[in-house]
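1. output the structure for:
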Amino acid sequence: MRFTEAQVKEWICRRLGKGIVAVELTDHMLDDAIRDAKEWWQMWVGQCKSVLFTLTGTTEYPEALIASDIDSIVDVVFELASQSFTNLFSWADVEINPYTWIYSGGGDMPYSTLVQYMQYREMAKQITSSDKDWDWDRAKRALIISPQPDAGSRVLVTYISTTMSMDYMTNYEMRIFRNYALAQAMRTLGSIRMKYAGKPSATGEFTMDGDSMWANAEAIEAEMEEKARQLQAPMGFFAE
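-> Next up, the predicted model:
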């Protein structure tokens, strides 16, 4: 089920007992809870977007050329070379295709068809592979690609967006998000009730549930953080 920010705020108030007891939260406080939950979601899970980008033949590509909402780039997939196997070894009078191979060179030494074919295939794969590297320069806010790519080639850039939209959340993700927002609202409300607990009144001293509400908020936060951790993409392996 899709939730808007207004619906999440209404859900929070209902969970806190609105309509049965007084919920001492203003709209601004509820906005703060939603904003804190968004920042937390971006830190723990992040909302990724992908864009197909055409390279211009330089090594540095400023953020403005790719997308306007990039927080950090997490992956770049390079387009495979379009050159076919058939003309990679034309300089050596060798023609390779998926069905046969032809060697036109002279010489008295015999050639093993299988061995020669496999050698050329392996060399062809190395030549046509996209052996490029990339880096996201946070200071320059630019994508760095090396070695210098060919102009007109395309890359698929996947990045974490600086903007977080609830429209793209699954039902399970929304459940985690709104419960974390609830915890933030409970922290705010709990701190208010702790401040005014134990105050005298016309009927004697009264107490409020600020302490227990704060403790419950911490428990919900811990549970949601564990669920969010399970949504994180696995960390890659790096070799030097």
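2. list of residues touching stretch 37-53?
-> 61, 65-67, 69, 71, 74, 154-165, 168, 173, 177-178, 180-181, 184, 225, 228-229, 231-232 (C-beta atoms under 8 Å, 6 or more residues apart in numbering). From N, CA and C alone the C-beta is placed, and that goes for glycine too.
3. out of these, which sit inside helices?
-> Among the contacts of stretch 37-53, the ones falling in helices (DSSP state H) are 65-66, 173, 177-178, 180-181, 184, 225, 228-229, 231.
4. okay, now the domains of this structure?
-> Following automatic domain parsing, one finds the domains of the chain at 5-46+164-231, 48-161.
5. how long is the longest one end to end?
-> Terminal residues of domain 48-161 lie 6 Å apart, using C-alpha to C-alpha, to the nearest Å.
6. mind listing what Glu63 touches?
-> So Glu63 contacts 70, 141-143 (C-beta under 8 Å, 6+ apart).
7. quick one, which of the residues you listed are buried?
-> Using 16 or more other C-beta atoms under 10 Å as the burial test, the contacts of Glu63 include 70, 142-143 as buried.
8. quick one: which of those sit in strands?
-> When the buried ones among the contacts of Glu63 are checked against strands (DSSP state E), the matches are 70, 142-143.
9. now these as CSV including pLDDT and distance to Val51?
-> Shown next, in CSV, are those (pLDDT from 0 to 100; distance: C-beta to C-beta, whole Å):
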residue, pLDDT, distance to Val51
Ile70, 90, 9
Ala142, 93, 15
Leu143, 94, 11
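10. how near is the most centrally placed residue in the chain to Tyr168?
-> What sits nearest the mean C-alpha location of the chain, by C-alpha atoms, centre = their mean, is Cys48, with 3.6 Å. According to C-beta to C-beta, to the nearest Å, Cys48 stands 9 Å off from Tyr168.
11. now the strands for this structure?
-> For the chain, the strands defined by DSSP E occupy 48-54, 60-62, 70-78, 94-96, 101-103, 133-137, 142-146, 154-161.
12. could you tell me the least trusted of those?
-> Among the strands of the chain, strand 101-103 carries the lowest mean pLDDT, at a mean of 46.
13. any weak-confidence spans in the chain?
-> Flagging of the chain using pLDDT under 70 yields the residue ranges 1, 80-118, 120-131, 197-207, 233-240.
14. circling back: quick one: which of the buried ones among the contacts of Glu63 is nearest Ala217?
-> Ala217 lies nearest to Ile70 out of the buried ones among the contacts of Glu63, by C-beta to C-beta, at 32.9 Å.
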